[in-house]
Structures are given as structure tokens and as C-alpha cells.
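> pasting the structure only:
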């Protein structure tokens, strides 16, 4: 077989998988260890055809996948790896650019700067911010904490009790002290001492509730005290492409750094996390280290000088492909439809006295519970998930078990929303 | 256009690019800013067909790429993104598994554990080591330093003056003190105090010279003093699939953690860095943090508990595809051919009194210089690189400019080696 034939077969496999994913159980119907037991214990000594891999994709891998591309995947933040994003990833792998610095891939370096700036414009962020691509928000936030400590010489991080776990994990990895600030009505309170604070992390669109911290006030207080303000808008920030969602951007223009993940809600496959800073020189100082074997005659900064990793994939290709093949119009249309579908579900909950919304519906996330015990809510979710018809996740609010339904797949229709409600009420 | 048609066109683009890459200049023949000037300043409002992206791949991106897939790419560590690896990446993007934990992708979690264990077996590493995939060696080493500090409660890192810059960068990001130890005959000396040392980093196959530190002695000293031993074999470790190269593995069985990068020399596209630890429980303790919204009923550890990032791509697919479509036999054959080609080049250097080898030829790397001034060597490399015929990189040894030629592409032939020599002597 040639690469062309194998490649067409892989495209056919991917196409069929995207066409039929809605007919499969969302949650993998396997027990821990079930796939392992079917995989050979040792690697093959002799070559096998690629067709054997595709056969095993069907027989072994597919049944053990939880289908993130499924229209009724409503857990965590639901996402879409769109067709142009998938093909962008293919081209990145085929060209295998490793952008250690400009010379190692002028294309990757310059395309990345340009398309990240395109997203900056689409989101209405300030001119002049420096943006680049990291793998995930965990890394972007880690990088922001590193920069904050470098710039301030301090060692304390403050965030909301509802901030993403990556803030706590980042602080722990770095040996920084974390102070979790209580929230009132899901928004971080601002009455904390700041003398020894390196970084205040404000969240726009918390993972649990899509709630929004008072960024403007946090920025003002942080800056008055010489601290760095990092804004985590990993999920919600993508929605700023819609003018009507920019209310949550208030104060973000004051941020020292900002993370937004196109792999969450701009139809990109994993991984693509955008990290902007309004203080690029100081940011770079925290990371820049150019050993002799990486020196080149060109007077251009490497994007690896703005984050932890040296080797960098050609991630901008897939972002470029998606921005062009959707166009801003269609991206907005997709998000508006997701928000509308979430509203449909929220109304079903509100209109039924047996259920309640536990947080205001924000963007494409609905947080709710049935008016029964925590245990019963938990069992209900587990039954629904194990059915394979829908996949939901949960969180806790004031110690109570609450259910999350997030809309984010381009295949999701209103019928899917009604089916979710029907399954929960069955 | 449908996804199938666009996909076939993308496969055709990739196939043609792999077939013809050897006819292109290796080093991008563009000036800084040249691509940027051709890219639209703002994103499109309306959708474009994917064919427009492919057209611009030819017209804009291709001329601005330094061709890592080129048979005469001899810089840094030369690599190959093989066909099954490329298609594995395509399948990963299409299925878009985000392995936050087992439930979110049983397939990704269990396949990753299995195929990383396959590599462990191929490399002859100890039973029972826990391995997982990180993006790059920078991240793997960062994770090792975090684990070392967590376990020892100490804050000092010791490595060779020839260790990779990621060790220094990692220590700096973490706020750890780095002590660089001098090397004798390119190998790290071992007479350093250890009382306050968290982590000793030993390198097997340094970036500059492919030299090997005395791992067994470093391990013994580190462990006697309660320090962690991390081994960076990012490049050279892949060669342990060949029995005759296992001399450099001496003492590695004593490591607390080890990084080997299949994207360097096991024909994987970026990114795939394997991180093993012989102390998995302590390693996990340094990173594990499971917030409520990620709790699941299954009693299985998440691979995100062994490293910095939470979201994890389905990287094991491409590793699985390459291990199967090559088979161990062919992987060994490819490496042996690369080592043989490096030897051919080393002999050309040795046999010419106008040139000298400045380090013993190890694996597929030759380090050499012409018997002229540093400036003349530097100009010679720059002329060769700008010619587009070959691409080399350099380093310094004892303050002298020295040239590196690394073989790592499956398309490289003996004719390419002779052409490199001819270009340098022209």
C-alpha cells in the first residue's frame, strides 16, 4: 500500500466515524482494563499493514472511546474538532515543522503570530498584545504564574474558590502559595490583602458554572499593589467573537495575561490554547534562554522564548484552516446556536417544578439539579451516562451535587436537547 | 466539497510534499517578515473553501518552511515524521479524544499505557516502570524536577555543563537553583556535594555531542544522598532498540525518571515524549489533584495525574501505528542505516587533513570543524545552509565553533552524505 491509499482509507475511516458517531453510545461501554486485555502484551517484531491498524480502530479502539464528537456529549465543556481543523492537523504532521526558533520554521513562527492576532481582532482585544499558542490552559496558566513570579519577585497566587484546578496545580508545581478567595453569587470577592501577591487569577467563565469574576476591580487592585493579573477565559473567551457576549470582557483589557482555548469553543481539535500578554518583554524574560546550539543569525525572537516548551508543533495551521473555512460569520452562528440550545434546555428545567436551575444559564452551560437528594441526583446522572444516550458531568455547589449540561458540538440539534431531558426524566 | 473530498486533497498534498521534498531547498529561502507581509492582516468574515487553504499551502507556506522531512536536513537532531505516524495524528484529530481521566477516554488511557510499555520492552528497560506521554522533553524534564522537589523537599538541581537547556529553563521556571557541573571528555564529573540536592540530571546523548554521562555512578551518589536521578535520553534512548547500542544504558535501570522522545528517532511526528518513572506513587503525588468536576466512579488513576497538563491528546495512536507499521525489525534497520551514514561522513572528515572530528562519532551525530578560524567555519556553515542544498547546525566546544551533522531522516541516502561533504568543500 502507498501513503496515498492508506491516507484515503484513513480519511474514509474518519469520515465514516464523523457521519455515524451520533448512532454510537456517547460514553464508552467498557470496564477498566477491558481494552488492555485485548491489546497484545508485546510490540510486533515484523511490520503490519496500516489496514491492520484501521481494522483495530473499529474492533478495539472505537468501542473503548467516549465520543467527544457525539452530538449528545454534554459533559465538561462539549467541543467540536471540525473538518478543517482535522485536516490542518494532518498537514502539520506531514510537514513536521519543529519551530525551535524562526529559522527552524519561518512559516510556523509567522503564521502563528498572524492567526493568533486574527483571533485577537475577532475577540475585540487590545492592539499590541503578544499572543502565541500553548497546548492547554494548564500550560498557559502555568506560564502566566511563572511570568508573574519573575516580574514581581513574590510567591503568592490568589484565585476564586471556583477557579479551575489548573491554578492550584500550577501553584503547587511551582512551589507558590495559593490563597483561594471565597465567591459571592459565584463571583470572586475582592477584599483580600495584596502586599505579597505575585498573581491574581480572575476567571471569566468558570468550569463549574461559567460564572464571571469582577475583572475590572481585580485588575485595579492587583495593579495598585504591583501584582500581575492573569485572566482565565479558556472556555468563555471564544464567545467574545459575538458582540452581545462581550459584557463578560469588562476589564479584560487591563490583564497582564489572558488564556482562551480555541479547542474548547472555536471548533479546533485538541490542542490549541492561546496565551496573550500585554507585557511581552517581561514575559519573554521569564523564559528566554538561547543555548549556543540554537543561536541563529536572524534577529527575531523565538516563540519558544514565551513559554515552557522548546519544540513547538505547527498548531497554527489548524487554527488558520478553521478561521478561513468557517469565516467569522459561521463561527458566530455556531456559538449562537449552542447558546440558544442551552437556553432551550434551561427553560425545560425552569418550567418543571421537579427541577431547578442552580446557577444562571451562561453561554452554553446549564447547571441544574432535580429536587431530590444528592445521592438520587448522582444516581440519575450515572444511569443517564451508562445508558450511552447522553453524557453529562457534575460539580458541587455549597456541598450539593449539581448537574452540568454543556452544548458545544456542531452536530447537536434541538432534538438532542429534548432527548437529554427525556432521558433524565425517564 | 465534502470532508472526504477535502481529505483526499489534503492526503494528495501531503503525499506530493513527501515525494518531492528532496527537490526543495532545505532551509527556507525567505527573510524575516516575508511571509507575514503576504498574509492578510485580518481574518475572513466569510467562509472559504478548504481548497483555498491548500492553494496557500503551496504558494505561501511551502516556501517559508525549513523542511524537516528533507533527506539533507542534518541540523539539530534530524527527524522523520513517518507515514503511519502522520495518519495516526489524523485519526487522533478526527476522534478528538480529550483524556482528562479514564472515563473521558478509556481508549486513550489504556492504549497509551500499553504502547509506552511496548517501547519500554523494546528499549530493554526494567519491568514495572510507569510510563506515559508528554509533549516534549522540556515538559518531561520539568515534570521530573517537580517530582524530585516534591519527594526530597530540596531545591537544587545538578547537571552537566553539556546538559540540554531545558534543564536550566526548568529549574529557572520552578525557582530551583541550578548547579552546572564541568565535564571531562564531554562526560559530567561526579565530585559535587549532594546534601541539598533535589535532582541530579544525567544525560545519555547530549544535544551538542551525543556524549554520555556516567549514569551508574551518578545514580549511586544521588541515591546515597537521598536525591532523585533523572536521565535525559531524549535523543539517544531510542537507539536502545538496538542491542549493540545498549552500552549507553549502563546504570539507567537505577533512574527515578527517564525521558526518551520517539519524535526524535522513532519516526514519530511532533510531539511525543515518553516519561517513565520507577517511583510512580510518589511521582503521582506531586501532580495529583482531582477537583469535584473531574471525579468519576471508576477506581483508576488518570494519566493527567502524572504531569502538568490536564487535557491530553490521543498521542498513543500515532505511536501505536508506527510501532506496528514498522515493526521492531524495521525500526532497528532504519537506525542502523542512520548510524552507518554518520560513520561514512565521519570517515570523510577523518581522512581529510583539512578537517577534524572534535568529538567521537556517537550514534547518528558527527561533530567536526575545518582547520580554519572560528569565523571561517561559521561562514562556511552559513553559506552551506543558505545554498539550500544541506542544512547543518553548530555548537561550541571549549569556546570553539564546531559543526554538527545529524542523520535522522528515512529518505537520507549515501549520496546525500557525499553531497553534504561536497557542499562543505566547494
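Right, received. Where do you want to start? A quick note: this is a predicted structure, and the numbers were derived from the prediction, not measured.
> Would you mind finding the longest helix in chain A?
helix A:316-350 (DSSP state H).
> Can you give me the buried ones in the helix or strand following that helix?
Next helix or strand after helix A:316-350 toward the C-terminus (DSSP states H and E): strand A:355-357. Residues of strand A:355-357 classed as buried by neighbour count (16 or more other Cβ atoms under 10 Å in any protein chain shown): A:355, A:357. C-beta coordinates here come from the backbone N, C-alpha and C atoms, glycine included.
> Partner strands of strand A:355-357 and their direction?
Here strand A:355-357 has these sheet partners by DSSP bridges: strand A:365-370 (antiparallel).
> Point out where the stretch 1-150 of chain A drops to low pLDDT.
Within the stretch 1-150 of chain A, the stretches with pLDDT under 70 are A:1.
> Strands of that one, residue ranges please.
A:130-134 (DSSP state E, counting those that start in this stretch).
> which parts of stretch A:387-397 are buried?
Of the residues in stretch A:387-397, A:388, A:389, A:390, A:391, A:392, A:393, A:394, A:395, A:397 count as buried by neighbour count, 16+ other Cβ under 10 Å.
> Can you tell me the centre-most residue of chain A?
residue A:264 (3.9 Å; Cα atoms, centre = their mean).
> Skip the chain neighbours and tell me the closest residue to the residue at the greatest distance from the centre of chain A.
Computed with Cα atoms, centre = their mean, the residue of chain A farthest from its C-alpha average is residue A:46, at 39.2 Å. Spatial nearest neighbour of residue A:46, chain neighbours left out: residue B:327 (4.4 Å); criterion: Cβ to Cβ, 6 or more residues apart in numbering or on different chains.
> was I right about the one you found contacting residue A:52?
No - judged on Cβ atoms under 8 Å, residue B:327 makes no contact with residue A:52 at a distance of 11.1 Å.
> if you count what's nearby, which of these two comes out ahead?
residue B:327 (17 against 14; other Cβ atoms under 10 Å in any protein chain shown).
> and the gap between the more buried one and residue A:47?
Separation of residue B:327 from residue A:47 (Cβ to Cβ, to the nearest Å): 4 Å.
> Next: residue A:190.
Taking Cβ to Cβ, one finds residue A:190 at 62 Å from residue A:47.
> can you list the residues that contact stretch A:51-67?
With contact meaning Cβ atoms under 8 Å, 6 or more residues apart in numbering or on different chains, stretch A:51-67 is reached by A:1, A:6, A:9-10, A:13, A:17, A:21, A:24-30, A:34-35, A:38-39, A:73, A:391, B:84, B:88, B:91, B:95, B:97, B:103-108, B:110-111, B:317, B:320-321, B:324-325.
> Pretty sure residue A:176 sits against residue A:157.
Yes - between residue A:176 and residue A:157 there is a contact at 5.2 Å, judged by Cβ under 8 Å.
> neighbour-wise, which of the two wins?
Between residue A:176 and residue A:157, counted using other Cβ under 10 Å, residue A:157 has the larger neighbour count: 30 against 20.
> picking up where we left off before, now do the helix or strand encompassing the residue nearest to the centre of chain A, average pLDDT.
Per DSSP H and E: residue A:264 is located in helix A:262-265. Averaging pLDDT along helix A:262-265 yields 98.
> Could you tell me how far the helix or strand following that helix lies from the centre of the chain?
Next in sequence after helix A:262-265, counting helices and strands by DSSP H and E, comes strand A:273-277. How far strand A:273-277 lies from its chain's middle: 12 Å, per Cα atoms, centre = their mean, to the nearest Å.
> just checking, what packs against strand A:273-277?
Contacts defined by 3 or more Cβ pairs under 8 Å, 6 or more residues apart in numbering or on different chains; DSSP states H and E place strand A:273-277 against helix A:106-123, strand A:130-134, helix A:137-152, strand A:257-260, helix A:262-265.
> quick one: residue A:261 and residue A:235 touch, right?
Yes - when contacts are counted by Cβ under 8 Å, residue A:261 is listed as touching residue A:235 (6.9 Å).
> From one end of stretch A:48-60 to the other, what's the distance?
Stretch A:48-60 has an end-to-end distance of 16 Å (Cα to Cα, to the nearest Å).
> Now do it: distance to the chain's middle.
Distance of stretch A:48-60 from the chain centroid (Cα atoms, centre = their mean) equals 30 Å.
> That one: which residues count as buried?
Neighbour-count burial for stretch A:48-60 flags A:48, A:50, A:53, A:54, A:56, A:57, A:60 (criterion: 16+ other Cβ under 10 Å).
> How is chain A divided into domains?
With domains defined by automatic domain parsing, chain A comprises A:3-68, A:87-322.
> Chain B contacts on the stretch 251-400 of chain A?
Selection of the stretch 251-400 of chain A residues close to chain B by Cβ under 8 Å from any Cβ of the partner chain yields A:263, A:269-271, A:286-287, A:289-294, A:297-300, A:308-314, A:317-318, A:320-321, A:323-330, A:382, A:393-396.
> Excluding chain neighbours, what is closest to residue A:203?
Nearest one to residue A:203, counting by Cβ to Cβ, 6+ apart, is residue A:232 at 4.8 Å.
> who's that neighbour bridged to?
Beta bridges link residue A:232 to residue A:203, residue A:259, judged by DSSP bridges.
> Please report how far it lies from residue A:188.
Look at residue A:232 and residue A:188: by Cβ to Cβ, they are 11 Å apart.
> how far does the helix holding residue A:264 sit from the chain's center?
Distance of helix A:262-265 from the chain centroid (Cα atoms, centre = their mean) equals 5 Å.
> try stretch A:272-287
Offset of stretch A:272-287 from its chain centre (Cα atoms, centre = their mean): 19 Å.
> same deal with stretch A:252-259?
Distance of stretch A:252-259 from the chain centroid (Cα atoms, centre = their mean) equals 17 Å.
> cool, and stretch A:311-325?
From the chain centre to the centre of stretch A:311-325 is a distance of 16 Å (Cα atoms, centre = their mean).
> Just the buried residues of that stretch, please?
Neighbour-count burial for stretch A:311-325, with 16+ other Cβ under 10 Å as criterion, is recorded at A:311-325.
> got it, and stretch A:180-192?
Buried residues in stretch A:180-192, counted by 16+ other Cβ under 10 Å: A:180, A:181, A:183, A:186, A:187, A:188, A:189, A:190, A:192.
> Next, format those residues as a markdown table and append distance to residue B:337, secondary structure and pLDDT.
What follows is those, written out as a markdown table (distance: Cβ to Cβ, whole Å; DSSP: H, G, I helix; E, B strand; the rest coil; pLDDT from 0 to 100):
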| residue | distance to residue B:337 | secondary structure | pLDDT |
| --- | --- | --- | --- |
| A:180 | 56 | strand | 98 |
| A:181 | 60 | strand | 98 |
| A:183 | 61 | strand | 97 |
| A:186 | 61 | coil | 96 |
| A:187 | 62 | strand | 97 |
| A:188 | 59 | strand | 98 |
| A:189 | 64 | coil | 98 |
| A:190 | 64 | coil | 97 |
| A:192 | 62 | coil | 97 |
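> Which one of those residues is nearest to residue A:247?
Residue A:247 lies nearest to residue A:187 out of the buried residues of stretch A:180-192, by Cβ to Cβ, at 13.4 Å.
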